[in-house]
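> Task: produce atomic coordinates for the following.
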Amino acid sequence: MSTFDEVIAQARAELADLEGPARAAPLSRLGSALAQKFMRDGPAAPTGLSDLGGAIDAITEAHQWLPEDDASRSYLSFLAGLLVNWRFTLLCEERDRVIAVTRFEEGLASPILPKMAVPIGKVMLGFLYVMKALMALQDPAVLASRFVHGGAAAIDDSDIERGVVLLREVTTGPSMNDDIAQAAAVALELSEALKTMLGTGASRVNLSNMMAGIGRIQALQEKLSTQMRPGYGMNWLGDLFDFSDPGGIARAVQKDRPVSVVVQTDMVIEPEVVPQRRIEIAAEQPTAAGLRADLHAAVPPTLPGVPVWENAAALLALGEDELPADVVDDLVAMASQLVELDGSEPANAAVDGFLLAVALRLRGTLADDPVDLREALDMLLTAARTVPPDHAAASTIMSTLGAFLDPERPLGGLEGDVAAGFAGRIDAVLALHLTDGDPLTREGLHLLRCLCRAAWSMAELARAVDAAPAEIPWLPAVRAGHRSE
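Modelled structure (predicted):
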């Protein structure tokens, strides 16, 4: 079984004997593991949707068991919003959209949300509000009713207004990530185009508004097709606004068809002269193979004649004065660009991620930057989970965990969830190399595996102590023993 399967089985076994608030902690672990399994396998996997549904159910129930004043309650609400939003994206069911909106509204108020999560949540929530209008516009009867009844129709202007407010907060606030800012800008432009089409307040849709809105959407589509990076995933707007079927409104119920009123006027309308638009050809995008070759060539040859992953691991043993900061920055930039590309084979993707982890670790050490150091450990874990256990780089990737440990902190500073991830992957590598390979490497991996298991067990003990009822007579002894570790 994979590490996720082990965590899932363990959490379900715990839940079988628990009732009430004591279920919150194992439910949180169960939901987290199922969500990560879904993200790893994707929605097309045989268990994809069931894993996603199980994660939603587990996080939702854990949220219900926590008291109102618990900061973790709103944090779990945010996680539930993310999960339900994924399912809405896949199945487009209105019930999921409504639930996701409710969860995000509560979750964004959480005081313990990571800073990066706030703009992401606002973009998703803003677009969920806008999606209500988009889904309604696909119904010819609703659109026709809007022509006749204006603000009293099924499309609620306040939803679009709320979405616009959230999206504008992201576009006008401090930019923490270019992708998030760009997504917010696209969603905001789409929202403004919808407002133009629908009018505001109690005003009815008219043909002038409709044509102006279509024009703004077409301009947005042109921008996306020429300016977005390949694979950005926003070029689906054409599917939402397909005006190639002008008979759609005509097929609406007779009483709901719009009534056109023509007013005679002496005004002379000059034809609009549209200037010729210059067509710019985007530069050819670099391939993954080319970027990978450049990255491998940029890794300083500390150990000539060995694979690139061994060379990279050896860099961690160099002193701060032996590796210039600009070289490290270049490695981070090149590896980050390569990791962002999709479609690589697992072995290549694992080595790419490993090189990025090493580069981030080097930069974090040089600059004493805790963010880089944390991201480096996370990327190393991703590489460990991705590399096939029988690949030549697997032992090096697992062994490099030792260079990421903090000698000043208990158990090397490993957190429980991270330790659990490494423990399972080291098990898989050792199982394939019980009798072959370097004995020193095997012993080192065994030591790291024991360390990871200990860190995981201590984290589990800490959660159990925190959740244990005070009536247990020997709880103080357990708590004292835990604190002494």
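
> give the contact list for Ala313.
With contact set as CB atoms under 8 Å, 6 or more residues apart in numbering, Ala313 has these partners: Val358, Thr396, Ser399, Thr400, Ala403. Placement of C-beta: from N, CA and C, glycine included.

> Which of the three states applies to the last one?
Read that as Ala403. For Ala403, the secondary structure call by DSSP: H, G, I helix; E, B strand; the rest coil comes out as helix.

> Would you mind listing the buried residues in stretch 12-20?
Burial within stretch 12-20, assessed by neighbour count using 16 or more other CB atoms under 10 Å, is assigned to Glu14, Leu15.

> Kindly check the end-to-end length of that stretch for me.
Separation of the first and last residues of stretch 12-20 by CA to CA, to the nearest Å is 15 Å.

> which residues are contacting that stretch?
In contact with stretch 12-20 (CB under 8 Å, 6+ apart) are residues Arg23, Pro26, Leu27, Leu30, Trp65.

> which of the residues in stretch 111-120 are buried?
Judged by neighbour count using 16+ other CB under 10 Å, the buried positions of stretch 111-120 are Leu113, Ala117, Val118, Pro119, Ile120.

> Report the two of those separated the most.
Taking CB to CB, the two most distant members of the buried residues of stretch 111-120 are Leu113 and Pro119; they sit 10.5 Å apart.

> still on that earlier bit, make CSV from the contacts of Ala313 and add neighbour count and secondary structure to it.
Formatted as CSV, the contacts of Ala313 follow (neighbours: other CB atoms under 10 Å; DSSP: H, G, I helix; E, B strand; the rest coil):
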residue, neighbour count, secondary structure
Val358, 30, helix
Thr396, 20, helix
Ser399, 20, helix
Thr400, 22, helix
Ala403, 14, helix
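
> ok, of these, which one's closest to Ile59?
In terms of CB to CB, no member of the contacts of Ala313 lies closer to Ile59 than Thr400, at 32.7 Å.

> Now name the helix or strand holding the closest residue to that closest one other than its chain neighbours.
Take Thr400 and drop its neighbours on the chain: the residue closest to it by CB to CB, 6 or more residues apart in numbering is Ala313, 5.1 Å away. Of the helices and strands defined by DSSP states H and E, Ala313 is found in helix 308-315.

> for that helix, the distance to its chain's centre please.
The chain centroid and the centroid of helix 308-315 are separated by 29 Å, computed with CA atoms, centre = their mean, to the nearest Å.

> ok, then the element right after it?
Going down the chain from helix 308-315, the next helix or strand is helix 325-340, by DSSP H and E.

> what's in contact with that next one?
For helix 325-340, the surrounding residues in contact (CB under 8 Å, 6+ apart) are 288, 291-292, 294-295, 298-300, 349, 352-353, 355-356, 358-360, 362-363, 366-367, 379.

> So which of those sit within helices?
Taking DSSP state H, the ones among the contacts of helix 325-340 that sit in helices are 288, 291-292, 294-295, 298, 349, 352-353, 355-356, 358-360, 362-363, 366-367, 379.
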